[in-house]
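Student: The following comprises the amino acid sequence and a computationally predicted model.
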Amino acid sequence: MKKKKESAFVCQECGYSLLKWMGRCPNCGVWNSFVEEKVISAKKRKVPSSSPVKLSEIESSEYARWSTNIAEFDRVLGGGIVPGTIILIGGEPGIGKSTLLIKIASNLSEKGMGVLYVSGEESSYQIGLRVKRLGLRTENLFFLSETAVENITEAVKKVNPSILIVDSIQTMFDTDIGSSPGSVSQVKECTTQLTRVAKEGNITIFLVGHVTKVGMIAGPRTLEHMVDTVLYLEGDRTQSFRILRAVKNRFGSINEIGVFEMTKDGLIEVKNPSMMFIDERTFNTSGSVVVSTIEGTRPILAEVQALVSPTRYPMPQRIIAGSDYKRFSILLAVLERRAGYNLGGFDVFCNVVGGLKLLDPSCDLGILVAVASNFDDRPCDNKTVVIGEVGLAGEVRPVSQIDRRVKEAERLGFTRCIIPAGNKKGLLQKKIKTISAMSLKEAIEKSNLH
């Protein structure tokens with residue numbers, strides 16, 4: 001009788017398994033990603049049975065959200081924490097994941113909720129130093145330095161917390177699995193066991209996930225399917241601003257963002273992001289334009305800077321930081337063909353100030369006005385906000401939520417808005433002056449380049 005194979009080679013990127021080693025994964029195409037792991041035998045577990053219920057009989061009060069007292073974090077979650085959910089938070093090392101979670105744990109413990117913070121990377125002494133430095137209160141906050149998932153589940157039964165924080169899931173392991181912590185088998189099995197604990201005890205679990213060199217959460221993609229919410233904490237470690245963004249949320253929108261600032265007292269929420277992104281802009285400088293983007297329901301003003309200089313290379317450079325490169329190349333082609341700007345012998349650089357990523361098409365017109373301003377060396381009006389999407393024919397197309405954008409510009413002291421002609425008709429009456437434009441060339445002429 002043929003002996004059953006007790007191990008398999010598993011791709012650490014996608015979870016694809018083979019009976020023999022291969023240099024390249026046939027599923028995801030990554031090289032040298034296969035690691036030999038012990039095959040997990042199916043275990044018979046006694047699963048508690050449940051009875052079907054009518055949705056109409058479920059009371060909404062059972063799903064009342066918990067506020068973390070951090071408005072920016074609650075906004076991203078859709079209004080607060082839903083009990084019994086699994087929330088995965090990813091981000092680069094040192095970006096502030098643990099700092100944000102320890103502050104959330106402190107705020108929830110002050111409300112009388114039991115919180116268990118499990119760390120597989122830091123000792124109780126190190127966590128104590130951080131809590132002391134941040135000046136947090138920890139009356140109902142329990143700490144456990146542990147990496148074995150069986151011991152964590154036993155601690156949960158003893159403490160019976162409402163919130164469980166695991167930092168990080170890649171350091172946890174199941175003793176029944178022979179592979180090392182962080183492998184595909186370990187991550188999946190540990191997450192499965194913790195998910196069972198959350199659903200049975202109605203416990204909210206925060207999982208911290210490591211990221212790969214391309215910025216994605218490490219481990220199999222099934223990890224993101226197993227949790228209810230996936231959050232990314234983004235930002236440049238050389239800058240103080242951080243952006244919390246949801247890429248999956250079963251209980252809210254994924255369009256909202258939270259803006260934070262890293263200070264000596266930890267992550268502090270920024271309640272007026274528009275002012276933060278345009279506060280230190282220079283005046284009467286060519287190539288500087290203020291644009292408007294929408295993140296969920298929140299309008300945000302940001303400064304776009306452009307620099308056009310003669311090239312020294314056979315191929316002119318086209319570089320943009322904070323937006324899509326391919327989109328930027330298309331827009332420059334429209335500027336050349338439809339507005340008559342010959343950029344063939346010039347390098348074009350563009351930057352979104354503050355580390356914000358502009359993916360909203362309504363910023364197209366502002367980016368091209370900034371490039372035209374620097375090319376002509378004529379500054380734009382400092383009190384003007386430029387809004388509009390640009391088509392391949394050079395037309396300025398209408399954008400959504402124009403009232404919110406114009407109202408935000410008026411609130412921050414701007415006096416003029418260049419908007420698409422298609423949005424002029426449905427715009428509510430404002431004190432701020434709105435100037436409509438039908439084409440890119442017309443918008444550049446009306447942007448008051450001195």
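Tutor: Great, that's in hand. Residues are numbered from 1 along each chain as shown.
Student: which residues of the stretch 51-200 of the chain score low on pLDDT?
Tutor: The stretch 51-200 of the chain contains residues with pLDDT under 70 at 58-63.
Student: Just the helices from it, written as ranges.
Tutor: Along the stretch 51-200 of the chain, the segments classed as helices by DSSP state H, counting those that start in this stretch run 71-77, 97-110, 124-134, 149-159, 184-201.
Student: For the closest residue to residue 329 other than its chain neighbours, which residues are in contact?
Tutor: Counting by C-beta to C-beta, 6 or more residues apart in numbering, residue 329 lies nearest to residue 318, which is 5.6 Å off, once chain neighbours are set aside. Any C-beta I mention is one placed from the backbone N, CA and C, and that applies to glycine too. Taking C-beta atoms under 8 Å, 6 or more residues apart in numbering, we find residue 318 in contact with 325, 328, 329, 332, 347, 348.
Student: Neighbours of the residue nearest to residue 437 when sequence neighbours are not counted, how many?
Tutor: Leaving aside its chain neighbours, residue 437 sits nearest to residue 443 (3.8 Å; criterion: C-beta to C-beta, 6+ apart). Per other C-beta atoms under 10 Å, the neighbour tally for residue 443 reads 28.
Student: before we move on, the earlier item: taking the contacts of residue 318 one by one, which sit in helices?
Tutor: Members of those lying in helices (criterion: DSSP state H): 325, 328, 329, 332.
Student: before we move on, back to that, relative to residue 235, which of the contacts of residue 318 is nearest.
Tutor: For the contacts of residue 318, the residue nearest residue 235 by C-beta to C-beta is residue 325; the value is 19.9 Å.
Student: What does the pLDDT read for residue 220?
Tutor: For residue 220, the model assigns a pLDDT of 58.
Student: For the longest strand along the chain, what does the pLDDT average out to?
Tutor: Assignment by DSSP state E gives strand 298-310 as the longest strand of the chain. For strand 298-310, mean pLDDT rounds to 94.
Student: Just checking: what are the partner strands of that strand?
Tutor: Strand 298-310 sits in its sheet next to strand 288-295 (antiparallel), strand 346-352 (antiparallel), going by DSSP bridges.
Student: First-to-last residue distance for stretch 389-408?
Tutor: Counting by C-alpha to C-alpha, to the nearest Å, you get 18 Å between the two ends of stretch 389-408.
Student: go on, stretch 415-423?
Tutor: For stretch 415-423, the end-to-end distance is 18 Å (C-alpha to C-alpha).
Student: pLDDT of it, averaged?
Tutor: 93.
Student: buried stuff in that stretch?
Tutor: Burial within stretch 415-423, assessed by neighbour count using 16 or more other C-beta atoms under 10 Å, is assigned to 416, 417, 418, 419, 420, 421, 422, 423.
Student: biggest separation within the residues you listed, which pair?
Tutor: Most distant of those, by C-beta to C-beta, are 416 and 422, 18.5 Å apart.
Student: ok so, going back, need the contact list for the residue nearest to residue 437.
Tutor: 365, 369, 386, 388, 396, 418, 437.
Student: how far out from the middle of the chain is whichever strand or helix holds it?
Tutor: Assessed by DSSP states H and E, residue 443 sits inside helix 440-446. Mean-position distance between helix 440-446 and its chain equals 34 Å (C-alpha atoms, centre = their mean, to the nearest Å).
Student: Thought residue 143 was touching residue 123, still the case?
Tutor: No: counting by C-beta atoms under 8 Å, residue 123 sits too far from residue 143 to count as a contact (9.5 Å).
Student: Between the two, which has more neighbouring residues?
Tutor: Between residue 123 and residue 143, counted using other C-beta under 10 Å, the more crowded position is residue 143 (20 against 11).
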